[in-house]
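Student: Quick one, fold the following:
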Amino acid sequence: MAPLRHTFALAALVVVPPLLSAGPALAGREPQLRVLLAEDDALRVVPADGPLLLRSASGELLGRVEQGMTLRADDDRIVGLPQPLAEVWLEPQGPEGSFWLQQRRYAGSLRLRARGGRLQAVNRLGVERYLASVVGSEMPARWPLEALRVQAVAARTYALRLWRPEADVDLGSTVSHQVYRGLEAETESTRAAVATTRSLVLTHRGQLIDSVFFSSSGGMTENSGEVWPRQLPYLRSVVDYDQDSPVYRWTVAFDEGQLQSAFPETGGASSIEPISQTSTGRLRQVLVRGPGGELNLSGGQLRQRLGLRSSFVRFRPPEDPDTVLERLGSWLGLRPALVAEGRGYGHGVGLSQWGTYGMALKGVSFDRILAHYYSNVAVQPYRPLALVTAAGPAWPQPPPPP
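Tutor: As a prediction, the model looks like this:
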């Protein structure tokens, strides 16, 4: 793979300047996201910066919470409140207040709802405050500011594409959507990345794109249509500059017990051979051969069964032991049965986080990095029709100067 250079082949990207400036009174009316934080039999909530206001689902003030409380679900009722209710809201008294839920601290308000013996906790907060945590949760805060800006724009686009004003929950807080770890993940650099890209999103033909991202590809990103059912025009395979990634190349050895657990249908695996692969070399279909027969699996199924970092992988038998310790290990049955040699971490489609880091180190600007990984997109302020009033757009403000 060629080394990272100062120049890059860039796809078309347009930065569209904001047409109108939102005044201070309107700037606060940004989209409010609802993020699922936890779902369990019992949850503990603790005020962090003064009392929390306790409200009913209709908004009626029920009291103030001045110390921690553990709440439990009893069918469709919350136990531990002054009166049993199916749903309540907890919110800080001041705009900068926060609360603890389990082991993490969060801004915004908290909705607790009991359903079927489970207690659901949903955090409601503005998208920009949410992003300051997501950027620090998805990417090391010490990385170059341009890399953090890239993450901010991609994460904002991803969140707003899922946002539905009428929904109870917009997205989760784990890798199933975007990692969101609350206030402890915020830093001065992540807040700066969000503030200096305020409101900017990625669009293709006027629509928010599916701005998927991943850790590292191992040298080439993937076409979306070769991994998922649909080929999107902006999710095309490109060279990845992720050579600094600790998982650019990796090796994992599997013993017989691990292979028997992963492939019980065949009693283990003596070989795993490609049947078909993508244009970059990721496995699409494989044939697993074992003592008890053969098994066809997709690349995704194989990755899940073995816990692989990616499907950009090949398998080989172990090398013959050539030291006393290796021969002893072989005699004790500790010798690997198969060795996986792979590249990258994640699905490989869209934005590479380690590639973003590599390009940012060379001084490439955030908009050009986005142009490299997302083809033929525009960067522009988000202005949904529902938030435009006679006075002008209610949100967002144009981004402040860097």
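Student: residues making contact with the strand or helix carrying residue 43?
Tutor: Secondary-structure assignment from DSSP states H and E places residue 43 in strand 42-47. With C-beta atoms under 8 Å, 6 or more residues apart in numbering as the test, strand 42-47 has contacts from 52, 65-73, 90, 92, 99-102, 110, 112, 119, 121. In short, each C-beta sits where N, CA and C put it, glycine included.
Student: Quick one, which of the residues you listed are buried?
Tutor: 52, 65, 69, 71, 73, 90, 92, 99-101, 110, 112, 119, 121 (16 or more other C-beta atoms under 10 Å).
Student: Direction included, what does the strand holding residue 43 pair against?
Tutor: Note on strand 42-47: by DSSP bridges, its sheet partners are strand 69-74 (antiparallel), strand 98-101 (antiparallel).
Student: just how off-centre is that strand within its chain?
Tutor: Chain-centre distance of strand 42-47: 25 Å, with C-alpha atoms, centre = their mean, to the nearest Å.
Student: can I get the CA coordinates of the helix or strand that that strand is followed by in CSV?
Tutor: The helix or strand immediately downstream of strand 42-47 is strand 52-56, counting by DSSP H and E. Output of strand 52-56 as CSV, limited to C-alpha atoms (Å, rounded to 0.1, in the frame of the first residue of the first chain):
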residue,chain,number,x,y,z
LEU,A,52,-33.9,17.5,39.9
LEU,A,53,-37.5,18.5,39.0
LEU,A,54,-39.8,15.5,39.0
ARG,A,55,-42.7,15.8,36.5
SER,A,56,-45.5,13.6,35.2
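Student: Strand 52-56 - contacts with which helices or strands?
Tutor: strand 61-65, strand 87-92 (3 or more C-beta pairs under 8 Å, 6 or more residues apart in numbering; DSSP states H and E).
Student: Go through the ones you listed and pick out the most buried.
Tutor: strand 87-92 (a mean of 19; mean count of other C-beta atoms under 10 Å).
Student: ok, and the closest non-adjacent residue to the residue nearest the centre of the chain?
Tutor: Most central in the chain under C-alpha atoms, centre = their mean is residue 178, positioned 2.8 Å from the mean C-alpha point. With sequence-adjacent residues excluded and distances taken as C-beta to C-beta, 6 or more residues apart in numbering, residue 178 is closest to residue 134, at 5.2 Å.
Student: and the one you found, how far is that from residue 104?
Tutor: Distance of residue 134 to residue 104, given as C-beta to C-beta, to the nearest Å: 13 Å.
Student: Same question for residue 231.
Tutor: Taking C-beta to C-beta, one finds residue 231 at 38 Å from residue 104.
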